[in-house]
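Trainee: okay, here's the prediction I keep looking at, along with the sequence it came from:
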Amino acid sequence: MQDRDLDTTVGGSGLDALYRAHYESMVRLAGLLTGDFSIGEEIAQDAFARLVDARGVREPSAYLRATVVNLSRSRIRRAVIARRHGAAQAVSFVDPASGPEGVPTQITVRDELARLPRRQREAIVLRYYAGMS
């Protein structure tokens with residue numbers, strides 16, 4: 001089934017199929033960009049909500065990916081501003097000791113990604129995770 005064939009109206013079966021096919025990858029993308037997978041879940045949900053409200057979307061998966069990247073940028077920007085003004089840090093990392101065996105390695109990679117400048121982090125995530133060139 002191609003994206004353009006999907007019925008993205010509220011309650012449409014195409015939207016359900018799109019959600020099942022892309023939700024987890026959108027959470028991972030946002031989680032890698034922001035450094036926090038719980039924020040990634042919020043961003044993915046927001047992206048799907050915006051898709052429901054959007055009209056004339058020809059490529060829903062591309063729309064979702066672009067929306068996730070833009071919402072992640074906005075979230076990071078707000079976190080930077082909050083840090084500058086002394087507010088609580090909005091982007092946090094999971095403690096490696098709190099998860100299963102494979103989590104520390106994932107967190108190490110995530111921590112290293114978080115240390116990169118925003119544009120470099122986006123380029124790496126979009127190239128190696130999302131398969132874009």
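Mentor: Thanks, I have it.
Trainee: immediately after the helix or strand bottoming out on mean pLDDT in the chain, which helix or strand?
Mentor: One helix or strand of the chain scores below all others by mean pLDDT, DSSP states H and E: helix 103-115, with a mean of 68. Sequence-wise, the next helix or strand downstream of helix 103-115 (DSSP states H and E) is helix 118-124.
Trainee: which residues are contacting that following helix?
Mentor: By Cβ atoms under 8 Å, 6 or more residues apart in numbering, the surrounding residues in contact with helix 118-124 are 33, 69, 73, 76, 113-114, 116. (C-beta placed from N, C-alpha, C; glycine too.)
Trainee: buried stuff in that helix?
Mentor: Neighbour counts over helix 118-124 (16 or more other Cβ atoms under 10 Å) mark 121-122 as buried.
Trainee: helix, strand or coil: sort out the residue most central in space within the chain for me.
Mentor: Compute the mean C-alpha point of the chain, and by Cα atoms, centre = their mean the closest residue is A30, 1.7 Å away. Following DSSP: H, G, I helix; E, B strand; the rest coil, A30 is assigned to helix.
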